[in-house]
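K.L.:
take this sequence and fold it.
(chains A and B)
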Amino acid sequence: MTRYGMVIDLRSCVGCQACSAACALENQTPYWSNKWRTTVKDIQVGQYPNTGRHFVPTICMHCKEPACMTVCPTKATFKTDDGFILVNYDTCLGCKACIAACPYGARYVYSKEDVQQDKEIYGDNAQHTKVHIDKCTFCQDRIARGMEPACVSTCPTTSRMVGDLDDPTSAVAKAVSSGLAKPLRPDLGTEPRVYYIY
Amino acid sequence: MNIINKKWPFLSFAKNPKKRYILSGAGPSTDHTLTTRFSAVEPNPNTKGTADILFGFAQGFGMTDRLVQTISELNGMNLKALQEEIGKAVKGQQTYTQALRNVSFEEHAKNLGMTADKLEQTLREKGVLVIESASKMREHATIAKDLPVPTPSGRIEIYSLMLAGFTMQQGYHPNWDPGLVYIPPQVNQAKKPDEFNFVYGKTPTISYASTNANNPILMALSKVKEDEFMGLWINPQKATLLNIKTGDTVTVENLVSGQKAQIKAFVTEMVRPDTVFMSSSFGTENPLLKTAAGVGTAINKLIPYQVEPIVSAFRSQEFTVRVTK
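P.N.:
Below is the predicted model:
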């Protein structure tokens, strides 16, 4: 079984937010309500003239020990055999417990208004027909078709890589095993599958 | 639409699925290459290609023949071939864009010893056709390759024969001094505390207010970083002095033209203390651009119509501005 993981190289991210745009288009996330599955934080450091900027894309970490799943009262948040953390929209109550539990701020409410707007924009192709808590799916449907997630394939500086963490020849496995790529907040014990090079 | 179509019959050919676009080189590659674009989606029937718009103007002025001749002279396209293809466009048998494209393909194909169809097929399959690599070209095509530098004297020459030609024709002017002189920008060199140099640039989400600012996703992303993307960048040293905080509405006044605009301030270390910066991506007032209209401030509220005489570029930063809260 492939154990997909993602490595985001902050050294080459230019903060263009093409990942956010591609994700919004692919997954019909409610950009009209300023809700995104992936965002790029813009951090400015230093004082003129020794100043700089760091861009930090954020996304669901698809944790091995997901706090969001533990707190879900209806087991709507579940882990697939591949290790992806997904939400069953049919059983999700929208109680927001997972939003509070996620230390990475990766979830939001796909509200009634958002569902209506999705229908208005995308018509019969609307993907979201029920109120639910929404999050990154690692573009499951694209992965199933042998494609990369939208945020990865669109990245103009190839700052995002995806691959099998168990395949020692894959670029992501090499980056992780060498210690070059590290998870965010490892102290929380969530064991993310998204790693950062910085 | 029907009325427009009667007047400009070539519009109806905008749906040609075999549309080819003009051939060009491969961007920054120094190899001798050909590449092109193929339409991925059908164009909006209410739009026209640039060539069709320009020929529309030329037709209106009764200058179609003159434009064809100019294109031939500037691009080196065969005049007769150009006249034949443009003639078909005039009769409404194809678009002007297609006409230019056809001539370009035919000429490039002829030079390469292949048919235009074969050239198109190659470009569709390979994307880029490398005619000769840069290293191979250097072996036989470098100008004065045995000289230390490729000038007539073999030494570094800071003298432009082209600009000398301008001087002979038009008389001397610093803008075309053959020796390339420094022309100081027309700004006040001894600035007051509230006076700044003015620079502008683009945002990563939206490059042009007139084209992609109306994309709802890109606009939504821009609004996430509204302070930074749509604001006037001002260094904290000066902002403190002028009691300006991020989000404050400030007035920016062009001290050369007198133009004024209001914009929200973004206090940041990312800009020099003597300079303010803003993006050129926002502020369109075109009501048809429903997402973009009225969002942000347009730089042309501040930039006067000053054109550089040689390259016709806007002298868009040759002024200082006063910033007041």
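K.L.:
give the contact list for residue A:67.
P.N.:
By CB atoms under 8 Å, 6 or more residues apart in numbering or on different chains, the contact list for residue A:67 reads A:98, A:101-103, A:188, A:190. Just so you know, the C-beta spots here come from the backbone N, C-alpha and C atoms, and that holds for glycine as well.
K.L.:
stretch A:179-186 - what's its average pLDDT?
P.N.:
Across stretch A:179-186, the average pLDDT comes to 95.
K.L.:
just stretch B:30-42 next, same as before
P.N.:
Stretch B:30-42 shows a mean pLDDT of 85.
K.L.:
now swap in stretch A:120-136 and tell me
P.N.:
Taken as a whole, stretch A:120-136 has a mean pLDDT of 96.
K.L.:
how about residues contacting it?
P.N.:
The set of residues external to stretch A:120-136 that reach it, using CB under 8 Å, 6+ apart, is A:23, A:27-30, A:32, A:35, A:37-38, A:59-60, A:62, A:68, A:76-77, A:85, A:87, A:89-90, A:92, A:94, A:96, A:98-99, A:106-112, A:114-115, A:118-119.
K.L.:
among those, name the buried ones.
P.N.:
Buried members of these, counted by 16 or more other CB atoms under 10 Å in any protein chain shown: A:23, A:27-30, A:32, A:35, A:37-38, A:59-60, A:62, A:68, A:76-77, A:85, A:87, A:89, A:92, A:94, A:98-99, A:106-111, A:114-115, A:118.
K.L.:
chain neighbours aside, what residue packs nearest to residue B:88?
P.N.:
residue B:94 (5.3 Å; CB to CB, 6 or more residues apart in numbering or on different chains).
K.L.:
typo on my end, residue B:301
P.N.:
Using CB to CB, 6+ apart and skipping residues adjacent in sequence, the residue nearest residue B:301 is residue B:261, 3.7 Å away.
K.L.:
list phi and psi for that neighbour.
P.N.:
Backbone torsions of residue B:261, given as degrees, to the nearest 10, read phi -150, psi 150.
K.L.:
residues in contact with it?
P.N.:
B:251-252, B:297-298, B:301-302.
K.L.:
kindly report the same for residue B:193.
P.N.:
Contacts of residue B:193 (CB under 8 Å, 6+ apart): B:238, B:241-242.
K.L.:
distance of it relative to chain A?
P.N.:
When CB to the nearest CB, to the nearest Å is the yardstick, residue B:193 and chain A sit 16 Å from each other.
K.L.:
from the chain's centroid, how far away is the helix or strand containing residue B:125?
P.N.:
In this structure, residue B:125 sits in helix B:116-126 according to DSSP states H and E. Chain-centre distance of helix B:116-126: 28 Å, with CA atoms, centre = their mean, to the nearest Å.
K.L.:
in it, which residues are buried?
P.N.:
The neighbour-count check on helix B:116-126 (16+ other CB under 10 Å) flags B:116, B:119-120, B:122-123 as buried.
K.L.:
looking at the residues you listed, which is nearest chain A?
P.N.:
Minimum distance to chain A across the buried residues of helix B:116-126 is 22.8 Å, recorded for residue B:123 (CB to the nearest CB).
K.L.:
spit out the contact partners of that closest one.
P.N.:
Shown in contact with residue B:123 (CB under 8 Å, 6+ apart): B:34-36, B:38, B:129.
K.L.:
how near is it to residue B:104?
P.N.:
The gap separating residue B:123 from residue B:104 is 12 Å, by CB to CB, to the nearest Å.
K.L.:
what about residue B:233, which SS state?
P.N.:
At residue B:233 the chain is in strand, as set by DSSP: H, G, I helix; E, B strand; the rest coil.
K.L.:
is it true that residue A:102 touches residue A:68?
P.N.:
Yes - in this structure, residue A:102 is within contact of residue A:68 by CB atoms under 8 Å, at 4.8 Å.
K.L.:
pLDDT value on the residue nearest to residue B:301, please?
P.N.:
Per-residue pLDDT puts residue B:261 at 97.
K.L.:
so which pair among the contacts of residue A:67 is furthest apart in space?
P.N.:
The distance between the two most remote of those (CB to CB) is 15.1 Å, for A:98 and A:188.
K.L.:
find the nearest non-adjacent residue to residue B:178, please.
P.N.:
Nearest to residue B:178 is residue B:164, by CB to CB, 6+ apart, at 4.0 Å.
K.L.:
the nearest residue to residue B:319 once chain neighbours are set aside - how many residues pack around it?
P.N.:
Closest residue to residue B:319 apart from its sequence neighbours, by CB to CB, 6+ apart: residue B:256 at 4.0 Å. Residue B:256 has 16 neighbours, counted by other CB atoms under 10 Å in any protein chain shown.
K.L.:
what about residue B:256, helix or strand, and which?
P.N.:
Taking DSSP H and E as the definition, one finds residue B:256 inside no helix or strand.
K.L.:
state the distance from it to chain A.
P.N.:
Distance, residue B:256 to chain A, by CB to the nearest CB: 26 Å.
K.L.:
report the distance from stretch B:27-45 to the chain centre.
P.N.:
Once both centres are worked out by CA atoms, centre = their mean, stretch B:27-45 turns out to sit 16 Å from its chain's centre.
K.L.:
stretch B:127-135 now?
P.N.:
Counting by CA atoms, centre = their mean, stretch B:127-135 is centred 26 Å from the centre of its parent chain.
K.L.:
keeping just the C-alphas, turn that stretch into CSV.
P.N.:
As requested, the backbone C-alpha atoms of stretch B:127-135 are provided in CSV (Å, rounded to 0.1, in the frame of the first residue of the first chain):
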residue,chain,number,x,y,z
GLY,B,127,6.2,21.7,-28.3
VAL,B,128,9.6,23.2,-29.2
LEU,B,129,11.6,22.6,-32.5
VAL,B,130,15.3,23.1,-31.9
ILE,B,131,16.7,24.1,-35.3
GLU,B,132,20.2,24.5,-34.0
SER,B,133,21.7,24.6,-30.5
ALA,B,134,23.4,27.7,-29.2
SER,B,135,26.8,25.9,-29.0
